[in-house]
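Undergrad: this one's sequence-less:
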């Protein structure tokens, strides 16, 4: 059996060599690029300006700085509460919590829990709902604050306005109900 050699790659290499030979002649010199043409400058005292790299052209008289004076601040809340100068800083609606809607005298103390760090008390409102309270909590409709919880009583400090319009302070003492 006789194997024929594949002569196609050999033929391609020979054609490429023949095409490259006429380009290499000694008598020809490589062409030199034409010398750069300098434009005549209109004002020789002005230094040359760097070529603009951006395709965005600025309008004459417009600076590149952004002006945010007439823009809305995105971090301000959409709705703002209006505060009047004559209003009390700690005004709260009576319907916020039921413990704040009754008078202090209407509450009953049904239990006191003596703890290591602080005492707690169980207070029941006229509707029968119970609340566990500690010192410093608000109670009652007249902005009462629990000042002391003793072994058998709760002391509440209230600020109220009398008939003349003067603000007065009153201490109310609610004692633990006795078992029958």
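TA: That came in fine, so what should we check first? Because the structure is a prediction, the values reported are computed rather than measured.

Undergrad: and the worst-scoring helix or strand of the chain on mean pLDDT, what's buried?
TA: The helix or strand of the chain with the poorest confidence is helix 8-20; it has a mean of 82 (mean pLDDT, DSSP states H and E). Buried residues in helix 8-20, counted by 16 or more other C-beta atoms under 10 Å: none are found. From N, CA and C alone the C-beta is placed, and that goes for glycine too.

Undergrad: from now on call the first residue 16
TA: Sounds good: first residue 16 from here, last item helix 23-35.

Undergrad: low-confidence ranges in this protein?
TA: Applying pLDDT under 70 to the chain flags residues 16-20, 37-46, 49, 51-59, 62-63, 66-79, 98-111, 195.

Undergrad: all strands for it, in order.
TA: 123-128, 135-139, 145-148, 153-154, 159-164, 168-176, 182-190 (DSSP state E).

Undergrad: mind giving me the packing neighbours of the last one?
TA: Here strand 182-190 is seen to pack against strand 123-128, strand 168-176 when contacts are counted using 3 or more C-beta pairs under 8 Å, 6 or more residues apart in numbering; DSSP states H and E.

Undergrad: burial of residue 147, as a residue count?
TA: Residue 147: 11 surrounding residues under other C-beta atoms under 10 Å.
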